[in-house]
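**Student:** Provided below for reference: sequence and predicted model.
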Amino acid sequence: MAATKLSRTSSSTGNRKTWTWSAWVKRFAIDKGGLFATYTDTNNRLDFGIDANQRFFFKEKEGSGSTLIDFTSNRLFRDIASWFHIVVAIDTTQATESDRCKFYVNGEQITSWLDSTYPDQNRDTLMNVSGRTYTLGTTDGSSNYWNGLMSSVILIDGTAYAPTTFGSVNSTSGEWTPNSSPSVTYGTNGYKLTFEDAVLGDDTSGNTNDFTMSGSGTPTLDCPSNNFPTFNNLIRQASTNNLNLMQGNLYSAGNGANNWRSSFMTLAAKTGKYYCEMKCIGTDGSSQNYGVSDVDQFNTRPNDSFDFASQSRGYGLNPNGNKVNNGGAVSVGTTYTTNDIVGMALDLDNGKIYYSKNGTWYLSGDPTSGSTGTGSFFDITTGYIYSPTVAIYGAADNMAFNFGNGYFRTTAVTSAGTPGSTPGTFEYDVPTGYQPWSTKGINV
């Protein structure tokens, strides 16, 4: 949602003392970002999100700028690979000060605070006020944008709910997971945004408290119940010269430094069969590689520039039509260039990797051939943990990835192929028995 926000102006006043805000969110970068706000000026505002120090904050100022509510957590929030659930429950009618503001992450209440200023009893907050404009994805309406995703954003006007209304612990995995149909009373200004429609601000609570989007928000299948990977920009290779990760960390772009930089994804697997696609946005020839690597071997490299396919368990394809491994390149006879879509099918059960160009498999490959490996590029060393990996060298080397979200950057696939048995939308058919790179796909 970077440089994107959703806004609505309340047409009536609801309960200003008691309300709940719940959302599932996923970050893309270690930076500050606003989740929700109502902003008039610096002295009249209510906003919360993640600050520049990676701490959760919630603040309200009113009138002459007096701080009426002020919370900053001691706990840091630096996970850019996973979804997490935030609940803000406000009830200023409570006699006990600490019961007036409660904040939860993944079902656990935050109790350790760097700053903690509670409102006076029966204080009216700036929530649910007629005529005020409320925004999602920024703190002041024009900056501090949320760089990430949001899902199932809910406002309850008139009730302070516990987090167990919106989520629960999965008995098998032990993870905090969303309740798909929470039993709530939304109240006058309440809403529920699922972001499942093409119009991202549609309220599905029944209240029609719709938001209007400004910017370029993109729908995605990435959600709390099925987490899709992005490139990991915490890897130093991705945070230094030449490998810029943008647009949800699914677009890698060079910056002209002419040094190899590599990055792998936030999901990896040791067994199973997986499919993904890359759209070439630009290339100057051989100076990009797209494939998989053993993440442990990758991490043994010092923090210098390198191409992952220079390693013994790094396997890639470059635009010149060369398969690359352990620093050696062998021609496969078919190049790819700008606007070509290159599919990759990784069979970790049989140790094979296959590539396609615009729906046609290189080397007459058959990803369903099992141990025979018809048209496989490599005999992969099995027993290691592999992840999709990219390496780029120059400014012209730009690639956009689709791991099942159905988009290359902000452009939807034009003709969705046959999917796998778990959710995922690709341009071309997913080979039988293969799954998207996602938590559901890995756990088939």
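**Tutor:** Arrived safely.
**Student:** Point out where the protein drops to low pLDDT.
**Tutor:** Confidence mapping of the chain against pLDDT under 70 gives the ranges 1-2, 235-243, 255-257, 285-286, 302-304.
**Student:** for it, what spans make up the helices?
**Tutor:** 236-239, 295-298, 439-442 (DSSP state H).
**Student:** Look at stretch 434-444 and report the distance between its end residues.
**Tutor:** Across stretch 434-444, the terminal residues are separated by 10 Å (CA to CA, to the nearest Å).
**Student:** swap that for stretch 6-15, sorry
**Tutor:** End to end - CA to CA - stretch 6-15 spans 22 Å.
**Student:** begin at 349 from here
**Tutor:** Okay, residue one is now 349; in that scheme the one you just asked about reads as stretch 354-363.
**Student:** Now do it: everything it contacts.
**Tutor:** 476-485, 489, 505-506, 535-539, 541, 548-549, 557-562, 565 (CB atoms under 8 Å, 6 or more residues apart in numbering). For glycine as for every other residue, the C-beta is placed from the backbone atoms N, C-alpha and C.
**Student:** Among these, the buried ones, what's the ChimeraX command?
**Tutor:** The ChimeraX selection below is limited to those of the contacts of stretch 354-363 classed as buried (16 or more other CB atoms under 10 Å):
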select :476,477,480,482,483,484,485,489,505,506,535,536,537,538,539,541,548,549,557,559,561,565
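**Student:** Filter the contacts of stretch 354-363 down to the ones in strands?
**Tutor:** Using DSSP state E, the members of those that fall in strands are Thr481, Tyr482, Thr483, Leu484, Asp505, Tyr539, Leu541, Thr560, Met561, Ser562.
**Student:** Quick check, the fourth one in contact with Thr352.
**Tutor:** No: taking CB atoms under 8 Å as the definition, Leu484 is not a contact partner of Thr352, at 9.3 Å.
**Student:** which residues does Tyr755 form a beta bridge with?
**Tutor:** Under the criterion DSSP bridges, Tyr755 forms beta bridges with Ala760.
**Student:** For it, give its distance to Leu598.
**Tutor:** Using CB to CB, to the nearest Å, Tyr755 is found at 8 Å from Leu598.
**Student:** the more surrounded of these two?
**Tutor:** Leu598 (26 against 21; other CB atoms under 10 Å).
**Student:** Surely that one touches Asn580?
**Tutor:** No: assessed by CB under 8 Å, Leu598 is found out of contact with Asn580, at 11.8 Å.
**Student:** Can you name the residues that contact the residue lying farthest from the centre of the chain?
**Tutor:** Most distant from the centre of the chain: Ala443, at 39.7 Å, with distances by CA atoms, centre = their mean. For Ala443, the contacting residues are Gln469, by CB under 8 Å, 6+ apart.
**Student:** same question, Ala748
**Tutor:** Counting by CB under 8 Å, 6+ apart, Ala748 has contacts Gln595, Leu598, Tyr599, Met626, Lys627, Ile629, Phe756, Arg757.
**Student:** nearest spatial neighbour of it, skipping sequence neighbours?
**Tutor:** Setting aside the residues directly before and after it, Ala748 is nearest to Phe756 in space (CB to CB, 6 or more residues apart in numbering), at 4.2 Å.
**Student:** just checking, the one you found touches Gly596?
**Tutor:** No: at 11.1 Å, Phe756 and Gly596 do not qualify as touching, with contact defined as CB under 8 Å.
**Student:** Count the neighbours of Thr762 for me.
**Tutor:** Counted with other CB under 10 Å, Thr762 comes out at 8.
**Student:** mind listing what it touches?
**Tutor:** Contacts of Thr762 by CB under 8 Å, 6+ apart are Glu775.
**Student:** likewise Gln442?
**Tutor:** Contact analysis of Gln442 by CB under 8 Å, 6+ apart lists Arg448, Gln469.
**Student:** quick one: terminal-to-terminal distance for stretch 602-618?
**Tutor:** End-to-end for stretch 602-618, by CA to CA: 30 Å.
**Student:** repeat for stretch 455-466
**Tutor:** One end of stretch 455-466 to the other measures 21 Å (CA to CA).
**Student:** Excluding sequence neighbours, find me the nearest residue to Tyr509.
**Tutor:** Closest to Tyr509 by CB to CB, 6+ apart is Thr368, at 4.6 Å.
**Student:** Settle this for me: Asp555 is touching Thr533, isn't it.
**Tutor:** You called it Asp, but residue 555 is Asn. No: using CB under 8 Å, Asn555 is not in contact with Thr533, being 11.0 Å away.
**Student:** what about those two, which has more around it?
**Tutor:** Per other CB under 10 Å, whichever of Asn555 and Thr533 has more neighbours is Asn555, with 16 against 10.
**Student:** Hmm, Asp439 is touching Arg364, no?
**Tutor:** No: between Asp439 and Arg364 there is no contact under CB under 8 Å: 11.3 Å.
**Student:** who touches both of these two?
**Tutor:** Counting by CB under 8 Å, 6+ apart, nothing touches both Asp439 and Arg364.
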